[in-house]
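Visitor: Sharing a model that was predicted from the sequence below.
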Amino acid sequence: MGVARYRTYACSLNLLPRREFDKINLSALQGDHQVVATATRGLVAFRSGRVDEGRASYLQAIEMAGQYEQRLRAMATIYYAREEMLASTTEAIKAMELANDVSKGIKDAVFREVFQRELGSKNEKVSSVPR
């Protein structure tokens, strides 16, 4: 699954109202489409202020993505960490560490660009936070 397709799902939130997204039967989707839709459900929840629901959806998507290419799982962790950081939750550091761990070893230039764009400056701030 390409980065562009994942990003298209996420960016479509500006065009697709939540009530329309909620009409999608996620169980009817197959393969990596179900992973992407589940992660997108997490994004919608986070942006709607339903942090716990968003976290649960992202973590479900990350688990589901484990049976596909590492890049899909890494993309889900990047966007999950971004949402935790934007929501300033207590799970933000743990989410950022997960994104760093899952993304290790992926050398693809486009992927690294997405990682840097979404988490680069945030990642530097997290690494300086005492634990």
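Guide: Okay, I see it. Residues are numbered from 1 along each chain as shown.
Visitor: For F111, give me its contacts.
Guide: Contacts for F111 (C-beta atoms under 8 Å, 6 or more residues apart in numbering) come out as V3, R71, A74, M75, S103. For glycine as for every other residue, the C-beta is placed from the backbone atoms N, C-alpha and C.
Visitor: Would you mind measuring from the residue nearest to the spatial centre of the chain to K23?
Guide: Using C-alpha atoms, centre = their mean, the residue of the chain that lies closest to the mean C-alpha position is Y79, 2.8 Å off. Counting by C-beta to C-beta, to the nearest Å, the separation of Y79 from K23 is 22 Å.
Visitor: quick one, what contacts I24?
Guide: For I24, the contact set (C-beta under 8 Å, 6+ apart) comprises A37.
Visitor: which two in the contacts of F111 are spaced the farthest apart?
Guide: In those, the most distant members under the criterion C-beta to C-beta are V3 and S103, with 12.4 Å between them.
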